[in-house]
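In: with the sequence up front, the predicted model follows.
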Number of protein chains: 2
Amino acid sequence: MREQELINLANSLFSGNSSGGVLQGIGDDCAVLRYNDKWDLIATCDTLCEDTHFLKGTKPELLAHKLLAVNLSDIASMAGIPLWGILSLAAPKTASSAFLKRFVTALGLEAEKYNVAIIGGDTVRAEALTLTLTLVGKVEKGKALLRSGAREGDLVLVTGTLGKTFASGRHLTFEPRLKEARWLREKLSPNAMMDLSDGLCEDGRRLALASGLSMSIAGDRVPCADNCSLKEAATGGEDFELLLTVPKSKFSAQLQKRFEKKFSLKLSVVGEMTKAGKHPLLMDGKANKWTGYAHF
Amino acid sequence: MREQELINLANSLFSGNSSGGVLQGIGDDCAVLRYNDKWDLIATCDTLCEDTHFLKGTKPELLAHKLLAVNLSDIASMAGIPLWGILSLAAPKTASSAFLKRFVTALGLEAEKYNVAIIGGDTVRAEALTLTLTLVGKVEKGKALLRSGAREGDLVLVTGTLGKTFASGRHLTFEPRLKEARWLREKLSPNAMMDLSDGLCEDGRRLALASGLSMSIAGDRVPCADNCSLKEAATGGEDFELLLTVPKSKFSAQLQKRFEKKFSLKLSVVGEMTKAGKHPLLMDGKANKWTGYAHF
């Protein structure tokens, strides 16, 4: 079963109940929930498993960083501010006290750095190390940036460079784009935003489908990492950069430069949103079917 | 490393940050968070792992029920009302489509039954089936029942019967005591409450320590399941009944009978809270050191 199939099934089964003040359920980077007069709550959950997301022997400090960062990246993709998290730590018998202490200590320090309160969780024994963090944040009422908001004619932008994240180790050490996302929302008024976890092609397709449009990408505009082919860059996954669509009227080369200078980070226009065609994603005018990483 | 050690370490590391409106962090059945003028939020997280919490081959419908019920039991222990949950589904390659569909379908139906919205989650590949649910609920502002609120002289009460939950299969099929908890809070004004997951002795000790008191239990008052010794009943774990302490002035045999009739469920007075002695738990006047299930 493909992950997307399972998500679709879950979506169809779980969407009926909105008693909990649910404004946006399954299918985006975060769910959006009613909070108070000023803020909405946003909530996300990511799991890291040994051998799937990291190799045995990975330093606990890197695991702590990645676990928090992948969740923070989801909060960033909505232009939100993180608040609190709940940890599930499933560890094998063989995990040493020293390892677990280092992990928990590092997670505490990382959480403090990003102003996140770790408020609870569960510790259980499992066959392989499995780390789950549920992270809740807030965003100004009605201002969460969804995948589904893109409009025809929007420019498609990405932050940073893409590809080679496993080879470079960046998939363990990356910085979630929290501040960048807040700045982009304020200055460029994006209509849609998400983070890139499964590659530009896979995630671009998701954004296009969620918005009922197609995304047209110019291959030579994609900011590939050094020594990285376009295909690798667009499908490697775990970039954790932002993918956003911006009204043409809001974009300018000057703002682009200000962003790049302020954050020492590239901001690239890689394409445009178009009317929904036969294919949700076009690369250099041709239907693109490159897929990203699939868990099932 | 014992689970309690790890929780203590986490507590010391994670408690510093209260920027997210955290009213009560790690160390109780749920964390308590600021919500709005009328309600506090409460949040909990439980993980079920193959071979630790259930055997390979357990029906997906039973897993779905148990996953939701263990979390609902935490919400019940605070006398709260469940709102929404986030699922992490880590499944091995060998898990069939049919199995995953049945699990997700069953979880959808169970969630509807308890008026819980499943709002998102993560699906990943793992070595063994690992299910994590984070559940958020609400409770009237300032009214969450904590473990730490017991007072000297309080009666100690438990709902239902204890023990033999694995032998009877009840650990998979139990009903979380949501309505019972709301009724008990309204009628008996408990000072402290928690759910019994690791056995009356282990959990009783936790409540006593959290409240800075000792708990004195009368062995012959413990409502043991059929053919179950006192030791088995008090240490078997996974009862998911409520343990609460009630001011003597609020308790009456009449209210006890009303509860038992209304819910078709036993309500037993098993002991009393006393000044903190050398030992947090006494059974028939003697120091008790029976331990419950420990994951680490």
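Out: That came through fine.

In: give me the neighbour count for the residue of the stretch 101-250 of chain A found nearest chain B.
Out: When scored by CB to the nearest CB, the stretch 101-250 of chain A has residue A:108 as its residue closest to chain B, at 3.3 Å. Backbone N, C-alpha and C define where each C-beta goes, glycine included. For residue A:108, the neighbour count with other CB atoms under 10 Å in any protein chain shown is 20.

In: now do the SS call for it.
Out: helix (DSSP: H, G, I helix; E, B strand; the rest coil).

In: that one contacts residue A:117, correct?
Out: No - Residue A:108 lies out of contact with residue A:117 (CB atoms under 8 Å); the separation is 10.4 Å.

In: bridging residues for the spatially most central residue of chain A?
Out: Chain A has residue A:195 as the residue nearest its centroid, 3.1 Å off, counting by CA atoms, centre = their mean. Assessed by DSSP bridges, residue A:195 has beta-bridge partners residue A:242.

In: residue contacts, residue A:269?
Out: Counting by CB atoms under 8 Å, 6 or more residues apart in numbering or on different chains, residue A:269 touches A:155, A:156, A:157, A:221, A:251, A:256.

In: would it be right to say that it lies in a strand?
Out: Yes - when three-state DSSP is applied, residue A:269 is found to be in a strand.

In: strands along the stretch 1-150 of chain A, start to end?
Out: Using DSSP state E, counting those that start in this stretch, the strands of the stretch 1-150 of chain A run over A:22-24, A:31-34, A:39-49, A:81-91, A:117-125, A:130-140.

In: strands paired with the shortest one, and their directions?
Out: What it means is strand A:22-24. strand A:31-34 (antiparallel).

In: the fifth one too?
Out: Paired strands of strand A:117-125, with direction, are strand A:81-91 (parallel) (DSSP bridges).

In: what about the nearest residue to residue A:129 once chain neighbours are set aside, how many neighbours?
Out: Closest residue to residue A:129 apart from its sequence neighbours, by CB to CB, 6 or more residues apart in numbering or on different chains: residue A:50 at 4.5 Å. Neighbourhood size, residue A:50 [other CB under 10 Å]: 21.

In: does residue A:50 touch residue B:125 like I think?
Out: No - taking contacts as CB under 8 Å, residue A:50 lies outside contact range of residue B:125: 10.9 Å.

In: mutual contacts of those two, please.
Out: With CB under 8 Å, 6+ apart, residue A:50 and residue B:125 have no common neighbours.

In: same list (the contacts of residue A:269) but as TSV, adding pLDDT and distance to residue B:68.
Out: Formatted as TSV, the contacts of residue A:269 follow (pLDDT from 0 to 100; distance: CB to CB, whole Å):
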residue	pLDDT	distance to residue B:68
A:155	98	44
A:156	98	40
A:157	98	40
A:221	98	47
A:251	98	46
A:256	98	48
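
In: among the residues you listed, which are in helices?
Out: residue A:256 (DSSP state H).

In: which of the contacts of residue A:269 has the most neighbours?
Out: Neighbour-wise, the contacts of residue A:269 (other CB under 10 Å) top out at residue A:156, 25 neighbours.

In: which one is it nearest to, not counting chain neighbours?
Out: Residue A:156's closest residue in space is residue A:271 (CB to CB, 6+ apart), at 4.1 Å.

In: ok, the one you found - contacts?
Out: A:155, A:156, A:215, A:216, A:217, A:218, A:221.

In: which strand or helix spans the fourth one?
Out: Assessed by DSSP states H and E, residue A:216 sits inside strand A:213-217.
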